[in-house]
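Asker: sequence? don't have it. structure:
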């Protein structure tokens with residue numbers, strides 16, 4: 001715009017008056033302008049808050065021009081909405097069409113009683129300063145002088161924006177170097193990117209597989225709706241001719257889509273990118289269906305570590321033409337850090353998977369040793385009874401009521417073996433299944449069917465309080481069975497002389513809370529803070545991985561765990577899990593009510 005280049009933005013022919021510092025020739029009034037410019041600069045340099053900076057600038061600029069009223073119009077870089085900071089007397093409404101024209105760096109005609117100039121930051125107009133004096137016209141050259149002052153305001157505002165970006169980048173780095181599970185880490189990153197770019201649609205992290213042949217959506221934050229993404233886990237196959245676009249360049253790309261307002265028609269990429277980049281943008285543009293607003297602009301940032309493509313950051317706004325150099329530069333400052341974190345997280349996940357696999361084998365071996373006593377006792381009771389019954393039948397000396405009782409004991413012992421092995425088989429099979437709908441009592445039964453006989457033999461009383469109207473969970477059933485099996489086993493080992501194991505459940509909003517409490521020896525406070533750490537154990541022959549695995553299982557199922565304990569008072573473990581979405585068209589069947597204390601057969 002002409003006003004931004006030094007000419008009068010009012011449309012009138014400027015006089016020969018020069019801006020301060022633009023010519024060695026001194027004109028009348030230059031000294032006053034020099035003095036005002038220095039005073040304004042000194043004032044603005046002391047203000048850190050951008051809004052206060054704009055207000056202070058207008059508060060000085062208005063009286064300097066002899067104006068009676070004025071306003072600063074600030075444009076949101078993404079939504080394009082206007083924020084107005086008024087000054088002076090209330091007067092007629094400002095012509096927003098003229099304001100918008102200045103924001104688009106045009107030069108509309110203005111009344112003699114008004115002058116306006118844009119605030120240019122990062123190559124685009126972040127706002128407009130306008131002043132008005134109804135009592136008389138502004139002198140020629142006033143618009144050019146206002147544009148000069150706006151350049152100083154813009155310079156100071158750009159410094160504040162740079163400080164803001166520095167704080168956000170530092171916060172992203174500080175928050176993401178903490179020890180977080182990958183899912184939390186990814187969403188912390190996306191939240192930081194929202195502050196960095198102010199996107200109003202969504203952001204997503206896609207992890208590359210098979211050298212860019214496929215992109216898998218691992219995290220997505222939706223800005224326009226207060227709900228979780230339903231696309232997590234989506235796999236996008238990248239056509240072979242588009243893979244070089246991902247693999248050959250680390251450049252950040254911006255692709256905009258015309259929403260039917262341009263000549264290219266709706267949903268056509270309009271940025272000056274290559275045809276391959278535009279096709280990649282269309283491939284990754286998956287919104288706009290149903291009530292979901294369409295993505296107008298995509299910012300695509302490849303993530304590389306040691307020249308290896310790890311994934312892609314996708315940031316979207318609703319409007320086209322919203323992202324530019326400032327956003328690209330801001331994202332470029334954090335992508336190396338993001339790539340390094342993803343690389344470290346993947347290595348940690350790989351190590352954790354190997355540790356968990358080894359611990360599962362160790363846990364199954366421990367479990368086999370623990371239940372071998374119960375199985376041996378059950379089989380030991382079956383053999384003599386069966387042998388004795390056979391001899392009595394062959395000799396014809398059996399008594400009917402004694403034979404019936406022996407057969408009953410044989411059946412009971414056989415059922416104990418059957419339940420133990422059924423539970424172990426169920427645990428082994430369901431451990432590899434994806435998340436499914438399952439009622440909590442069924443999951444608890446899977447663990448108790450293995451430990452029932454051990455509970456009875458240890459002199460431990462089991463109390464179950466699980467309401468019949470609890471909703472189903474959508475979880476990895478095998479993982480949760482192993483979780484509760486670990487918790488029940490820990491409780492039993494803390495009560496060598498017997499005690500009480502209480503299992504309670506209740507609904508808390510969209511989550512189910514399960515408490516597993518024992519009356520065992522408890523854990524001292526100095527040890528309690530370390531028990532979540534891998535390889536830390538209070539057992540003589542323990543591996544220190546049991547609770548670490550429980551925590552990993554809960555991460556995979558979006559659950560949480562809290563442990564409270566004190567020596568001599570026992571331990572309480574509180575597990576919270578998300579409920580499954582209601583079944584369409586009908587309510588989920590309610591599980592049967594549990595008995596508070598099991599019979600010997602039920603305990604088996």
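Answerer: Yep, it's here. This is a predicted model, so every value here is computed, not measured.

Asker: what about the helices in the stretch 501-604 of the chain?
Answerer: 525-528, 546-556, 600-603 (DSSP state H, counting those that start in this stretch).

Asker: where among these is the average confidence lowest?
Answerer: For the helices of the stretch 501-604 of the chain, mean pLDDT drops lowest on helix 600-603, to a mean of 37.

Asker: Strands of the stretch 251-400 of the chain, residue ranges please.
Answerer: Remark: strands assigned in the stretch 251-400 of the chain by DSSP state E, counting those that start in this stretch are 253-258, 268-269, 297-305, 308-317.

Asker: In CSV: these, plus mean neighbour count and mean pLDDT.
Answerer: (Glycine included, C-beta is placed from N, CA and C.) Output for the strands of the stretch 251-400 of the chain, formatted as CSV (neighbours: other C-beta atoms under 10 Å; pLDDT from 0 to 100):
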stretch, mean neighbour count, mean pLDDT
strand 253-258, 22, 85
strand 268-269, 18, 42
strand 297-305, 22, 89
strand 308-317, 23, 90
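
Asker: Can you add distance to residue 285 and give these back as JSON lines?
Answerer: Putting the strands of the stretch 251-400 of the chain into JSON lines (distance: least, C-beta to C-beta, whole Å) gives the following:
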{"stretch": "strand 253-258", "distance to residue 285": "7"}
{"stretch": "strand 268-269", "distance to residue 285": "9"}
{"stretch": "strand 297-305", "distance to residue 285": "6"}
{"stretch": "strand 308-317", "distance to residue 285": "8"}
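
Asker: So for residue 415, which of those sits nearest?
Answerer: Set against residue 415 and scored by C-beta to C-beta, the strands of the stretch 251-400 of the chain come closest in strand 308-317, at 52.0 Å.

Asker: how far off strand 297-305 does the closest one point, in degrees?
Answerer: 160 degrees (axes from the mean of the first three to the mean of the last three C-alpha atoms, to 10 degrees).

Asker: Can you spell out which helices and strands pack onto strand 308-317?
Answerer: Packing contacts for strand 308-317, counted by 3 or more C-beta pairs under 8 Å, 6 or more residues apart in numbering; DSSP states H and E, involve helix 182-197, strand 202-209, strand 214-222, helix 243-247, strand 297-305, helix 325-395.

Asker: how about TSV for the ones you listed, with distance to residue 417 added?
Answerer: As requested, the helices and strands packed on strand 308-317 are exported to TSV (distance: least, C-beta to C-beta, whole Å):
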stretch	distance to residue 417
helix 182-197	41
strand 202-209	45
strand 214-222	44
helix 243-247	56
strand 297-305	53
helix 325-395	5
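
Asker: Tell me which of those lies nearest to residue 487.
Answerer: That would be, of the helices and strands packed on strand 308-317 and by C-beta to C-beta, helix 325-395, which comes in at 12.4 Å.

Asker: shaky segments in the stretch 351-500 of the chain?
Answerer: Within the stretch 351-500 of the chain, the segments meeting pLDDT under 70 span 351-374, 376-378, 416, 418-435, 449-450, 452-453.

Asker: do the stretch 1-150 of the chain as well
Answerer: Looking at the stretch 1-150 of the chain by pLDDT under 70, you get 1-29.

Asker: now the strands for it?
Answerer: 69-75, 82-88, 114-121, 124-132.

Asker: which residues touch the first one?
Answerer: Strand 69-75 is contacted by residues 54-55, 57-58, 61-62, 81-91, 94, 99, 103, 119, 125-132 when judged by C-beta atoms under 8 Å, 6 or more residues apart in numbering.

Asker: That strand pairs with which strands, and in what direction?
Answerer: Here strand 69-75 has these sheet partners by DSSP bridges: strand 82-88 (antiparallel), strand 124-132 (antiparallel).

Asker: looking at those, which is buried most?
Answerer: Mean neighbour count (mean count of other C-beta atoms under 10 Å) peaks for strand 124-132 among those, with a mean of 24.

Asker: returning to that earlier point: for residue 310, find the nearest of the strands of the stretch 1-150 of the chain.
Answerer: Of the strands of the stretch 1-150 of the chain, nearest to residue 310 by C-beta to C-beta is strand 124-132, at 31.6 Å.

Asker: which non-adjacent residue is nearest the most centrally placed residue in the chain?
Answerer: Most central in the chain under C-alpha atoms, centre = their mean is residue 187, positioned 2.6 Å from the mean C-alpha point. If you skip the residues right next to it in sequence, residue 187 has residue 219 as its closest partner in space, 5.5 Å away by C-beta to C-beta, 6 or more residues apart in numbering.
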